[in-house]
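Predicted coordinates and the sequence they were generated for:
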There are 2 protein chains.
Amino acid sequence: MVERLGDDVFGRDDDTLPSVVGRALAQRGLTLATGESCTGGLLGGAFTEIPGSSAWYRGGVVAYADDLKTALAGVPIATLAADGAVSAATAAALAHGVRERCGTDLGVGVTGIAGPGGATPGKPVGLVYLAVADEAGDRSSVLDSPGSRGLIRARAVTAALDLVRRRLMGTG
Amino acid sequence: MVERLGDDVFGRDDDTLPSVVGRALAQRGLTLATGESCTGGLLGGAFTEIPGSSAWYRGGVVAYADDLKTALAGVPIATLAADGAVSAATAAALAHGVRERCGTDLGVGVTGIAGPGGATPGKPVGLVYLAVADEAGDRSSVLDSPGSRGLIRARAVTAALDLVRRRLMGTG
């Protein structure tokens, strides 16, 4: 049934995105790390809501201040200067950085503008870049939608979970 | 009114623990970092639910795997070996470690057993150690109460927020 509906359907019954991603990681013997800015730790919080998540979730960093994106996750200063903290390049650098520093198979990066302040020309509130990195490289996605600070952050967590899921399923 | 009720009352009207702590930090010009194990990022997530939290919250680490408590937050291997990852000493080391690595005035550490697995003799599910560190040293607290994984983690976040609040108010 799930198979027939295609890969937009992630599970059935009591499945949640974190539980599905966790099961896929465990089945493959893979580990994961998170590098978060605008979500402030909520993505790590979502992964670790699953009992036994320590088998595949190792940890990560919350790099809220820009200099900590460099200090804690190795995001190049040149990337922050050229593309900005809210950019696809910074999301990818966060993903690669936490993957390396946490010694995991996969790394996930999230950076965006949760609002209500912080918008700049060309970078509105609600703009969020996500990336997942593995040994083969990285895949990114972007969100650009209105909403409250809470909604934007919750959507970012969901989108990050789904990005990892699709990468593991080989469809993203 | 709040003053008359004493320092167990943290606010009024729309105040939340994160908003009260954030306001107290901003008023004092202080910054904060988080070092989390069992809460997996939820404490950072709670602080950053406040718009403008980047003025006082700089970031932190999620050190779920024990070796990352050392690699990301500088928790001494000797502390982990002697006291265990779930201990007052490790909570304090997490707090001091993120304070130093994130360059903040305060650091908060949380480590515990969220369950349902992970209990060991003398360390039951629900045991959570919390610490806040500043230039003067550190203060710790401990939770030991039953409940679901979600409830234990939510209580740990609340207790960590309150530990910081009391430290800032000079009553903890």
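Ah, there it is. Just so it is clear, the model here is predicted, and its values are computed rather than measured. Numbering: from 1, shown residues only, chains lettered A, B, ... in the order given.

Spell out which residues sit in contact with the closest residue to A:T34 other than its chain neighbours, please.
Excluding the flanking residues, the one nearest A:T34 by Cβ to Cβ, 6 or more residues apart in numbering or on different chains is A:G60, at 3.4 Å. Heads up, the C-betas are built off the backbone N, CA and C, glycines and all. A:G60 makes contact with A:33-36, A:43-44, A:98, A:102, A:108, B:41, B:61-62 under the criterion Cβ atoms under 8 Å, 6 or more residues apart in numbering or on different chains.

Just send those back as CSV, with distance to B:A26 too.
Output for the contacts of A:G60, formatted as CSV (distance: Cβ to Cβ, whole Å):
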residue, distance to B:A26
A:A33, 31
A:T34, 27
A:G35, 26
A:E36, 22
A:L43, 26
A:G44, 25
A:V98, 29
A:C102, 31
A:V108, 30
B:G41, 22
B:V61, 23
B:V62, 25
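
Among the residues you listed, which one sits closest to B:D7?
Nearest to B:D7 out of the contacts of A:G60 is B:G41 (Cβ to Cβ; 28.2 Å).

low pLDDT regions in chain A?
A:1-5, A:172 (pLDDT under 70).

Which positions in it make contact with chain B?
Contact residues (Cβ under 8 Å from any Cβ of the partner chain) of chain A with chain B: A:34, A:36, A:38-45, A:47-49, A:51-54, A:57-65, A:68, A:71-72, A:101-102, A:114-117, A:149-150, A:153.

can we see that at 7 Å?
When proximity is defined as Cβ under 7 Å from any Cβ of the partner chain, chain A approaches chain B at A:34, A:39-45, A:47-49, A:51-52, A:54, A:57-65, A:68, A:72, A:102, A:116-117, A:149-150.

any idea of the angle the strand or helix carrying the residue nearest to A:T34 forms with strand B:57-63?
Applying DSSP states H and E as the criterion places A:G60 in strand A:57-63. Going by axes from the mean of the first three to the mean of the last three Cα atoms, to 10 degrees, strand A:57-63 is angled at 170 degrees with respect to strand B:57-63.

Strand A:57-63 pairs with which strands, parallel or anti?
Partners of strand A:57-63 in the sheet, by DSSP bridges, are strand A:32-36 (parallel), strand B:57-63 (antiparallel).

right, and the helix or strand after the first one?
Using DSSP H and E, the helix or strand that follows strand A:32-36 towards the C-terminus is helix A:42-47.

packing partners for that next one?
Counting contacts by 3 or more Cβ pairs under 7 Å, 6 or more residues apart in numbering or on different chains; DSSP states H and E, helix A:42-47 is packed against helix A:17-28, strand A:32-36, helix A:149-169, helix B:42-47.

Quick one: residues in contact with it.
A:18, A:22, A:32, A:34, A:36, A:53, A:57, A:60, A:108, A:110, A:153, A:157, A:160-161, B:39-42, B:45, B:62 (Cβ atoms under 7 Å, 6 or more residues apart in numbering or on different chains).

and the closest residue to A:F10 other than its chain neighbours, what does it touch?
Leaving aside its sequence neighbours, A:F10 sits nearest to A:V20 (Cβ to Cβ, 6+ apart; 5.2 Å). Counting by Cβ under 7 Å, 6+ apart, A:V20 touches A:10-11, A:165.

would you list these in a markdown table and tack on neighbour count?
Formatted as a markdown table, those follow (neighbours: other Cβ atoms under 10 Å in any protein chain shown):
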| residue | neighbour count |
| --- | --- |
| A:F10 | 18 |
| A:G11 | 14 |
| A:R165 | 21 |
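
And these, which is closest to B:G137?
Among the contacts of A:V20, A:R165 lies closest to B:G137 (Cβ to Cβ), at 44.3 Å.

wait, what's in contact with the closest one?
Per Cβ under 7 Å, 6+ apart, neighbours of A:R165: A:10, A:17, A:20-21, A:24.

Please apply the same query to A:L80.
If you count contacts by Cβ under 7 Å, 6+ apart, then A:L80 has A:66, A:69, A:90 around it.

Likewise for A:V62?
Applying Cβ under 7 Å, 6+ apart, we find A:V62 in contact with A:36, A:40-41, B:34, B:41, B:44, B:59-60.
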